[in-house]
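# structure, please.
(2 chains)
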Amino acid sequence: MGALQAQVLEQLLERGLAKKLPGLLAGSGARLLRASQLPSPGQTRGSLATGLSALDRLLAGGLPKGALVEIVGRRLSGRFSIGLAALAAITSSGQAAALVDLGDHLDPQAAERAGVDLTRLLRVRPRRVKEALASAEMLLAAGFPLVVADLGLAPRHARFVPDAAWLRLARSAQAQGAALLLLTPYRLSGIVAEAVLSAQGARPIWQGSGRAPRLLTGISSRLTLEKHLRVRPGLTAPLSLSVPEALRPLPLGEGWGEGETSITIHNSQFTIHNSS
Amino acid sequence: MRLSCLFVPLFPLAARLRSEPELKGEAVAILEGNGSTARVVAATRKARKKGIEPGMTLPQARSLFPKLVARGRDRESERSAQEALLEVADSFSPRVEDAGEGTVFLDLTGHAAFSSQLSALSQISSLSPGVREGWLSAAAIALRPAAERVQYEGLGAMRRPRPQVASREASGRQRVGVRGEQESIHNSQLTIHNSSQSPELSLAREIIAAAEKASLPARVGIAGSKLSARVAASLPDSPRVVPEGEEAAFLAPLPLSKLAPALEIAETLERWGIRSIGELAKLPEGEVASRLGGLGRQLQATARGIDPRPLEPRLASPCFSEGMELEWPLVSLEPFLFVGNAALERLMQRLESQALACTRLEIGLKLDPDGYDVRAIALPAPTRDVKTLLTLVRLELEARPPGAPVEGFTFVAQPDKPRRAQLSLFGPAALSPDKLATTIARLAALLGADRVGSPRTVDGHRPERFTEVSYAPPPPPELACPPRAGRGLLAIRVLRPPVELEVITFSYPLPLGEGRGEGETSITNHKSQITNSSRLVSLKSASPDATPPISGSVRVASGPWSLEEGWWLDDPRSGRSAGSLPEGRSLALRERECSEGSGLRSSPHPGEPRAGAPADPEQARATARDYWDVELSDGGLYRIYRDRATNAWFADGVYD
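Residues are numbered from 1 along each chain as shown, chains lettered A, B, ... in the order given. Sure, this is the predicted structure:
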């Protein structure tokens, strides 16, 4: 219905029928609204901040509750790190979270270093994609506020998953008001995802040059918003991730009490950075 | 003392219909015995209308009604039904006696259903007579729907509430009838009768409803002795309440057969013309004793309502069981799961009535022609979800078939308290413990119990080691707290199992006089040694089916980072033992670990002793590795290591 037709119909209802049936069209129920003006069920659900500023900025606050978010990236894209960051954020606030670890890739020590409260983390290790999706659906139905489904490096037969399965997962997340974060090497969830981000252009950052020994300090990548139902896609944000050994806090009483302190070596000179 | 008898008439039939509810409405007869000696012991009303009576043989019964459904007595079903009946009684009284064959006695003395009203009315009795009469006249109407029958006699003590069943109003009392209630005032007496809702009658109806919920058509009798309660329960108009002290009057009009006398005594009494219990009670006690002996004296005492037998409470069973004997042996799984589903539903219903859940399910299969197969399923968390349990049973039987037809089964549930949690008003929402337990059980059924849990770190240096514990999250904080700021750490995907590699290295030329003068390229595949002066050239997964496939030339390599663990233990692969090493050598190894791990990067996984970490057999293995961080030309960033003992190369992680 065009805008002019809607306006004419609205005037007809207000002037014509209102005279014949006074009181019928009184109140807000008598107004014609466009479908886009209707409140969306997902608008008031809020979001879960991941603690990664680049991701939270692109997703307008964090992972939307009651929706499926897919992060696509090849090796070294940082998607597994993003998943751990989301788990760390939700468990550090005292809530439970679940990880569907298809490739059995989780290193509990690394997760603990990333800030994940392992006592609040339920981890399932399916063998196949079908089991992973069924597990994710069960976990969503159990009421976990965040379910991270990592489909590993190269999930077999993932392309043969019917669209109905992804739709079912999205509906489960919507029904429970939970956030479902899907980490995939390539785009899988079809059209049901609320947001799709891709991590591209990743490159490792090495310290040292020439014949000096190298030291891996992290990677830099770029997140691109491929799709979002309420935000214009195409936005990008840089993503920097550091290896834990490059971040070493100083003992208390020796300077900085809080914040992360990093020590880097460049041209045989020590440089100490404090984020606070 | 007030006792209640819970009695299931035609118990073998009721137990069978409980196991096979689809037979309700059919003409069913339960037979006991084998072959031609089998006799009907119980039959449904439809069958009895056709003339089938207890004691008939099956051919006799079939001659009367050819479509008769005949079933043998199922001891397993009867045992389960008796347990269910006892659990119904347990929900009303802590003192329950198992009298067998569908009969249960409950001790109702001091039951809360009576005591609450007694305490309220005891306060009224302390009022002045005028106030009390005015209050009672109002209460006669106000308490109409409530379950009470109260009688006051003058200023004296209050009597126990009395039901209407055997009440007899004295003549000359003033009666005011209001919807079946009777108020009687006579000689400073006020009696409020509620003919439909006395406390004991209401309680009896609740017991009957609870038994019907357990699929058992029970009758209830309440009296002051076991015999009177049993006789009251056997009467067809149930529930029947015998007022206290009126047991003899209640029994008097009933036929003598209700006391089930011995055959000789019954014949003697019949010759005497004694037909009813009341006639026996009226006989002189000494004369009866001299002619009928001790048994006759005892019988007369019971006829007078004297039953000295005390209630013998049973001990609660530590587990719950349900089962049945099948009419014919089952050889396939689906029919078994069909009947097993019904048994599990009954079992979980019983657990629910006791506010318990199943933490371990034991399956007992009676095999044909002989043999017994017992297996147990440990559940990760207590649950009452039948669907989950049935899935676990299916998986268990599919994994290990019994190997013979099944002619009977028993499910035994080890009970445990279901998980409970106090929800917070201001904190983050907690998971529903019951729903979580069910989900974990379903996940365990889908993936295997060892693939569901909460990961934990293990004291040690090897990064692939971890352990998992059952998931039991701590309660959420009382107040919602914001999440901590992210550290932005780069994570590594651990490859389990590690991918074996073929590595091409380049060794720099040694100084003159120490051997080769030129640099040397070598493929180190379990053969050659590598030194600190070697440079990694390219990597390739040894197996073409390796996941993930790794292949490419090395752009940047960082390492080696040494890792040694368990160096003090025997290492059969290297052929050395810690005991054979001199003390100086051991110290040197330790110093080497520290020196090679120095700098900005320490040992990759410095483990700290953690309480509660389970013992790991892998921990007793000596490990010596050299780790590298390698960037390949395919864009991947890997963590690889060389096992010093075997000189084999592996990739055990991918940075992502």
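# quick one: the helices in chain A?
Assigned by DSSP state H, chain A shows helices spanning A:3-11, A:18-20, A:53-58, A:79-92, A:108-113, A:129-142, A:163-176.
# again with the stretch 251-400 of chain B
Assigned by DSSP state H, counting those that start in this stretch, the stretch 251-400 of chain B shows helices spanning B:263-272, B:277-282, B:285-303, B:333-353, B:386-399.
# so how far is the longest one off the chain centroid?
Spelled out, that is helix B:333-353. Distance of helix B:333-353 from its chain centroid, counting by CA atoms, centre = their mean, to the nearest Å, is 12 Å.
# where are the low-confidence patches of chain A?
A:1-3, A:6, A:12-44, A:246-276 (pLDDT under 70).
# excluding its backbone neighbours, what's nearest whichever residue of it sits closest to chain B?
Relative to chain B, the nearest point of chain A is A:G51 (2.6 Å; CB to the nearest CB). Any C-beta I mention is one placed from the backbone N, CA and C, and that applies to glycine too. Sequence neighbours aside, B:G486 is the residue nearest to A:G51 in space, at 2.6 Å (criterion: CB to CB, 6 or more residues apart in numbering or on different chains).
# next, count neighbours for that neighbour.
Per other CB atoms under 10 Å in any protein chain shown, the neighbour tally for B:G486 reads 24.
# list the buried ones in stretch B:237-247?
Judged by neighbour count (16 or more other CB atoms under 10 Å in any protein chain shown), stretch B:237-247 contains these buried residues: B:S238, B:P239, B:R240, B:V241, B:V242, B:P243, B:E244, B:E246, B:E247.
# from B:R493, how far off is the residue nearest the centre of chain A?
Centroid-nearest residue in chain A, with CA atoms, centre = their mean: A:L63, separated by 4.4 Å. According to CB to CB, to the nearest Å, A:L63 stands 21 Å off from B:R493.
# got the end-to-end distance for stretch B:278-294?
One end of stretch B:278-294 sits 19 Å from the other (CA to CA, to the nearest Å).
# run the chain-centre distance for it.
Centroid displacement of stretch B:278-294 relative to its chain, using CA atoms, centre = their mean, is 53 Å.
# wait, the residue nearest to A:G51 touches A:D56, no?
No: B:G486 is beyond contact range of A:D56, at 9.1 Å (criterion: CB atoms under 8 Å).
# which residues do those two both contact?
Any residue near both B:G486 and A:D56 by CB atoms under 8 Å, 6 or more residues apart in numbering or on different chains counts here, and that gives A:T50.
# next one: the residue nearest to A:G51, what pLDDT does it get?
If you check B:G486, the pLDDT there is 74.
# contact partners for the closest residue to A:L63 other than its chain neighbours?
Closest residue to A:L63 apart from its sequence neighbours, by CB to CB, 6+ apart: A:A179 at 4.1 Å. Applying CB under 8 Å, 6+ apart to A:A179 gives the contacts A:47-48, A:63-67, A:69, A:86, A:145-147, A:173.
# which among these count as buried?
A:47-48, A:63-67, A:69, A:86, A:145-147, A:173.
# and these, which of them are in strands?
Counting by DSSP state E, the part of the buried ones among the contacts of A:A179 found in strands is A:S47, A:L48, A:L63, A:P64, A:A67, A:V69, A:L146, A:V147.
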